[in-house]
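1. model the following, please.
(one chain, ligands or ions: 1)
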Amino acid sequence: MLDQGEIDALRAAPVPAQKLFIGGKWVAGSQPPIDVISPIDGKVLTTIAQAGAEDVARACAAARTAFEGGAWSRMAPAGRKKVLHRLADLTEREALALTVLGIRDNGTEIGMALKAEAGSAAGTFRWYAEAIDKVYGEIAPTGGDVLGLVHREPVGVAGVIVPWNFPLMIGAWKLAPALAAGNSVVLKPAESASLSLLRLAELAAEAGLPEGVLNVVTGPGASVGEALALDMNVDVLAFTGSGGVGRRLLEYSARSNLKRVYLELGGKSPNIVFADAPDLEEAAKVSAMGIFRNSGQVCVAGSRLLVDRSIHDDFVDRLTSYAEALRVGDPLEVTTDVGAVHSLRQLEGDLQFVEIAESEGATRVTGGQRIRQETGGYYMAPTIMTGVAPEHRLAREEVFGPVLAVTPFDDEDEAVRLANATEFGLAGAVWTGSLSRAHRMVARVKTGVMHVNTYGGPDITVPLGGVKQSGNGHDKSLHALDKFTDLKTAWIKL
Ligand code: NAD
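-> Next comes the predicted model:
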């Protein structure tokens, strides 16, 4: 049970000006510090350091030196396991403090953030700690006069660039497999959500991670992110964020050392409800959270509701009741269901999407407006738009806000056609009582993840990755180790 008093005490603590973490030392950035605005009240919370190109180069060089030194990269997997377990312990010990700190600069409601951020990060470090001394190489099926061995080696220096919506969770999805496999890392958090990851770096040092193995550079993507992505010391880039930046990273790779680039990008995920869904009330309740939690700022959000025409009106009514009952408020109040929109720019974009949808002929059923403006923070009422046609911008573009587009369908083929009528392919869901239809839909809808009779919840045991323009490569599960390891063949004549 969350204790409001404890949360209030943590939120009252001033946040000191932040520094960069390079080669195991906290250092000032060579560029002027940047204000961090809290979405809770629109006020300046603290400052983060702004790295210059020379700071980024030093961080990458420190990571390279640490990697070549071998204290971590050549440590036995069982040794890395111990350190990562300690990091998981420390993350758990600090879970509430880390979560509150993160919410103060990103705005996610605490009920969700505690599980999805610190809780999930601790679990992720523990999972890869446990996995890494159980991953074996291969012996090739050769003839008796030769021995073919396939080793898995760490890649070297990983550049990790993450967004603001779940910094700890997404950060851990990349840091844990990268570190477990023996790589060094230079991490660049989003400029508007760096605080919890900077604290995590401190905990990693306390856990015993050798100097230079994890470095954190903060500041704008266009300068700090670009310098990191162009750096010749970086061997692999693991990115989560928007498609536009993903495209740039591929260019930076081509312009520098052809480093590999793994992209986890956006989505416009279809949530498909058939009339034979086992429990329409449950479907409506879960679908509401599938789009509105964290104010819709979830990459896998079910932002397109495709619903059987025969139940359209009834289902929209049920969903609207749930949407209107959600308590949108201060993300640090335990009674809040949905917290703040991350920034004023994001909020303005969300509101503009509602206007555009209306001008294209969609109908606003509920929401669509800014609320709680008197707090100075950025809040938006959960919004449902019906009559959204596949060619409308609201059906095609990612809003990354609390705006649901509803489109009816007449049969299974049309549902599949609508579901796939997007450049994205990240996630989706199908609600049906027919096992055969469920399997057919999982196979026919082009996404990385399909839920059946639920939305959200896949844990660390399964991969998350996009197809089409939602990206390449996978976070989570043993498959994430593929990004951070090279296969090396030893061909030995006997
Ligand atoms: P963003 O692309 O604007 O920023 C992501 C990161 O890239 C930030 O750290 C930013 O500073 C950095 N960046 C910006 N410009 C850069 C440049 N030129 N070079 C290098 N780095 C640069 O995304 P955002 O607004 O922080 O996050 C929202 C997006 O992330 C949405 O599209 C969302 O769908 C996506 N996302 C995807 C997943 C997933 O798992 N597929 C998860 C969460 C979020």
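
2. who's in contact with the residue nearest to the spatial centre of the chain?
-> Closest residue to the average C-alpha location of the chain: Ile170 at 4.2 Å, with CA atoms, centre = their mean. Neighbouring residues of Ile170 by CB atoms under 8 Å, 6 or more residues apart in numbering: Val162, Pro163, Thr240, Glu264, Asp475. All C-beta atoms are positioned from the backbone trio N, CA, C, and that covers glycine.

3. now narrow those residues to whatever sits close to the ligand.
-> Residues of the contacts of Ile170 in contact with the ligand (CB under 6 Å from any ligand atom): Val162, Pro163, Thr240, Glu264.

4. could you dump these to a markdown table with secondary structure and neighbour count?
-> Converted to a markdown table, the ones next to the ligand among the contacts of Ile170 look like this (DSSP: H, G, I helix; E, B strand; the rest coil; neighbours: other CB atoms under 10 Å):
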| residue | secondary structure | neighbour count |
| --- | --- | --- |
| Val162 | coil | 27 |
| Pro163 | coil | 25 |
| Thr240 | strand | 27 |
| Glu264 | strand | 27 |
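
5. now render these as a markdown table, adding pLDDT and distance to Val298.
-> Formatted as a markdown table, the ones next to the ligand among the contacts of Ile170 follow (pLDDT from 0 to 100; distance: CB to CB, whole Å):
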| residue | pLDDT | distance to Val298 |
| --- | --- | --- |
| Val162 | 98 | 14 |
| Pro163 | 98 | 11 |
| Thr240 | 98 | 12 |
| Glu264 | 98 | 13 |
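
6. do a quick rundown of the helices in the stretch 101-250 of the chain.
-> If DSSP state H, counting those that start in this stretch is used as the criterion, the helices of the stretch 101-250 of the chain fall at 110-114, 120-132, 167-180, 195-207, 226-230, 243-255.

7. and among those helices, the most buried is which?
-> Stretch with highest mean neighbour count among the helices of the stretch 101-250 of the chain: helix 167-180 (a mean of 28; mean count of other CB atoms under 10 Å).

8. and that one, how far out from the chain middle?
-> Relative to its chain's centre, helix 167-180 lies at 10 Å (CA atoms, centre = their mean, to the nearest Å).

9. what angle sits between it and helix 120-132?
-> Here helix 167-180 runs at an angle of 20 degrees relative to helix 120-132 (axes from the mean of the first three to the mean of the last three CA atoms, to 10 degrees).

10. quick one, helix 167-180 and helix 195-207 angle?
-> Interaxial angle, helix 167-180 versus helix 195-207 (the same axes, to 10 degrees): 30 degrees.

11. go through stretch 68-79 and flag the buried ones.
-> In terms of neighbour count (16 or more other CB atoms under 10 Å), stretch 68-79 has its buried residues at Trp72, Ser73, Met75.

12. contacts for that stretch, please.
-> With contact meaning CB under 8 Å, 6+ apart, stretch 68-79 is reached by 66-67, 80, 132-133, 135, 154, 179-180, 182-184, 209-210, 212-213.

13. buried members of these into ChimeraX, please.
-> Under the burial definition 16+ other CB under 10 Å, those of the contacts of stretch 68-79 that qualify are selected in ChimeraX by:
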select :66,67,80,132,154,179,180,182,183,184,209,210,212,213
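
14. what is Leu237 paired to in the beta sheet?
-> Using DSSP bridges, the bridge partners assigned to Leu237 are Gly159, Val261.

15. quick one, what contacts it?
-> Ala158, Gly159, Val160, Ile161, Leu228, Ala229, Leu249, Ser253, Lys259, Arg260, Val261, Tyr262.

16. can we see that at 7 Å?
-> Leu237 makes contacts with Gly159, Ile161, Ala229, Leu249, Ser253, Lys259, Val261, Tyr262, as judged by CB atoms under 7 Å, 6 or more residues apart in numbering.

17. wait, which of those residues is closest to Val236?
-> Here the nearest of the contacts of Leu237 to Val236, counting by CB to CB, is Lys259; it sits at 5.8 Å.

18. distance check, the closest residue to that closest one other than its chain neighbours against the ligand.
-> Excluding its sequence neighbours, the residue lying closest to Lys259 (CB to CB, 6 or more residues apart in numbering) is Ser253, at 5.0 Å. Using CB to the nearest ligand atom, to the nearest Å, Ser253 is found at 11 Å from the ligand.

19. pretty sure Ser253 contacts Val261?
-> Yes. Using CB atoms under 7 Å, Ser253 makes contact with Val261 at a distance of 4.9 Å.

20. who in this structure is up against the ligand?
-> Contact residues (CB under 6 Å from any ligand atom) of the chain with the ligand: 161-165, 170, 188, 190-191, 221-222, 225-226, 229, 240-242, 245, 248, 264-267, 299, 398, 400, 426, 464, 466, 471.

21. those, buried ones only, as a PyMOL selection?
-> Of the residues of the chain next to the ligand, the buried ones go into a single PyMOL selection, burial set by 16+ other CB under 10 Å:
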select buried, resi 161+162+163+164+165+170+188+190+191+221+225+226+229+240+241+242+245+248+264+265+266+267+299+398+400+426+464+466+471
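
22. care to break this structure down by domain?
-> Here the domain assignment for the chain is 4-265+471-493, 270-459, based on automatic domain parsing.

23. so which of the contacts of stretch 68-79 belong to strands?
-> Among those, the residues falling in strands (DSSP state E) are Pro154, Ser184.

24. returning to that earlier point: okay, the contacts of Leu237 in JSON lines with distance to Arg437 and pLDDT next?
-> Shown next, in JSON lines, are those (distance: CB to CB, whole Å; pLDDT from 0 to 100):
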{"residue": "Gly159", "distance to Arg437": "43", "pLDDT": "99"}
{"residue": "Ile161", "distance to Arg437": "39", "pLDDT": "99"}
{"residue": "Ala229", "distance to Arg437": "43", "pLDDT": "99"}
{"residue": "Leu249", "distance to Arg437": "39", "pLDDT": "98"}
{"residue": "Ser253", "distance to Arg437": "42", "pLDDT": "98"}
{"residue": "Lys259", "distance to Arg437": "43", "pLDDT": "98"}
{"residue": "Val261", "distance to Arg437": "37", "pLDDT": "98"}
{"residue": "Tyr262", "distance to Arg437": "33", "pLDDT": "98"}
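
25. for Leu435, give me its contacts.
-> Applying CB under 7 Å, 6+ apart, no residues contact Leu435.

26. hmm, Ala122 and Ala88 touching each other?
-> Yes. Using CB under 7 Å, Ala88 is in contact with Ala122, at 4.7 Å.

27. gap between Gly182 and the ligand?
-> 24 Å.

28. ok, that residue - contacts?
-> Per CB under 7 Å, 6+ apart, neighbours of Gly182: Trp72, Ser73, Arg80, Pro154.

29. need the per-residue pLDDT for it.
-> On pLDDT, Gly182 comes in at 98.
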